[in-house]
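Colleague: Fold the following, please.
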Amino acid sequence: MTTQFRLPFTQLEDLRFEDLCLRVMVQEYNLQRTQHPGRAGSDGGGDILGFFIKNEPKTHCAVQCKRYEKIAPGDLLKALEEFHKGYPNFKGQFWIITSAVPSKKARDGFNKAALAMELEPFVIDGSSLETSVRNNPELMQEFFSAPKSLPERNFHCLAVEIIKKVQKFETEFLDTRHQNSCGNFAFIRERQQAMAEVLNKNINELESEMSVICDSEDKKTLQEIKIAATVIISNYRHSSEITNQGLPTFGATEASKARMKDFEQEELFKKKCEKLRTQMKRHL
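Modeller: You can find the predicted model right below:
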């Protein structure tokens, strides 16, 4: 079974997302004589301007691009108000292209407000935008460094590789954590730095590879792993200061609490790693 991953629009920089929207408007909707005020940094609420020639007179068009994961009714209305303020005399079509999926309530409110301003409203949501991009191999290659569709074997191999890297990260991080400390502050800082290097190296590699086939839930779990590891690093100094090679330094009670906190956090870290490996099996 071939996995259909969501295109990571929100990982594009704002201007690259606008570039993508411009290409879609030109290639799919035949927008002509285009301008891109958004790239100049002073768009007045209109990221892209141009016109359609379907019949005379030509129809002017303005586009506002919204690279959001979620979009509320107020976001659409705010974009409309900003544009109307920047172009009070504009007559024609006003489009919003967003990587999110507005609700019916949001669309209805936007349409009503735009018509009241004598603008013809259009919305391209994330699902429609994704369809347009997937149907254009050049856009897929240019903006996502991937062909229109990847062979099933490539998805499988990438998922397997990510699972292996999560296991390698878990093992390497905990091995670094479990090396005995001698209570020397310089040694403790050195061990914290070593754990941080393991964390950053592996997280960066995983984020890069997971951007191809993973969804928001997979990425959320990766962030939870990162947070759990960061807490372990932060707690390492405290734990090491009150214990010396496993023996209490400032009292058995404090040492016991520190060790229990370490154990609980390590268990959470391991559970999150296992959760991500399980989630990745969906892509096999």
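Colleague: which helices and strands does whichever strand or helix holds Lys85 pack with?
Modeller: Here Lys85, judged by DSSP states H and E, is contained in helix 73-86. Helix 73-86 sits against strand 59-66, strand 92-98, helix 104-116, strand 119-124, with contacts defined as 3 or more CB pairs under 8 Å, 6 or more residues apart in numbering; DSSP states H and E. Every residue, glycine included, has its C-beta placed from N, CA and C.
Colleague: quick one: buried residues of it?
Modeller: Neighbour-count burial for helix 73-86, counted by 16 or more other CB atoms under 10 Å, picks out 73, 75-77, 79-80, 83-84.
Colleague: where do the strands sit along the stretch 151-284 of the chain?
Modeller: 243-244, 247-248 (DSSP state E, counting those that start in this stretch).
Colleague: in the stretch 151-284 of the chain, which spans are helices?
Modeller: 152-178, 185-213, 216-242, 252-280 (DSSP state H, counting those that start in this stretch).
Colleague: Tell me which other helices or strands the first one touches.
Modeller: Right, helix 152-178. With 3+ CB pairs under 8 Å, 6+ apart as the test, helix 152-178 has helix 185-213, helix 216-242, helix 252-280 packed against it.
Colleague: Direction-wise, compare it with helix 216-242 and give the angle.
Modeller: Relative orientation of helix 152-178 versus helix 216-242 (axes from the mean of the first three to the mean of the last three CA atoms, to 10 degrees): 10 degrees.
Colleague: Can you list the buried residues in helix 152-178?
Modeller: 155-156, 158-159, 162-163, 165-166, 169-170, 173-174, 176-177.
Colleague: what do you get for the last one?
Modeller: Neighbour-count burial for helix 252-280, counted by 16+ other CB under 10 Å, picks out 254-255, 258, 262, 265-266, 268-269, 272-273, 275-277, 279-280.
Colleague: if we take the residues you listed, which one ends up nearest to Asp108?
Modeller: Gln279 (35.9 Å; CB to CB).
Colleague: got a list of what that closest one touches?
Modeller: Residues near Gln279 by CB atoms under 8 Å, 6 or more residues apart in numbering: 217-218, 221.
Colleague: By neighbour count, which of the residues you listed wins?
Modeller: Neighbour tally across those (other CB atoms under 10 Å): the maximum, 21 neighbours, falls on Thr221.
Colleague: Show the model's pLDDT score for the residue lying closest to that residue once chain neighbours are set aside.
Modeller: Nearest non-adjacent residue to Thr221, counting by CB to CB, 6 or more residues apart in numbering: Leu276, 4.6 Å away. pLDDT, Leu276: 93.
Colleague: And Leu276, how close does it get to Asn202?
Modeller: The spacing between Leu276 and Asn202, counted by CB to CB, to the nearest Å, is 12 Å.
Colleague: which stretches of this protein have low pLDDT?
Modeller: 1-5, 40-45, 54-56, 145-155, 180-185, 237-259 (pLDDT under 70).
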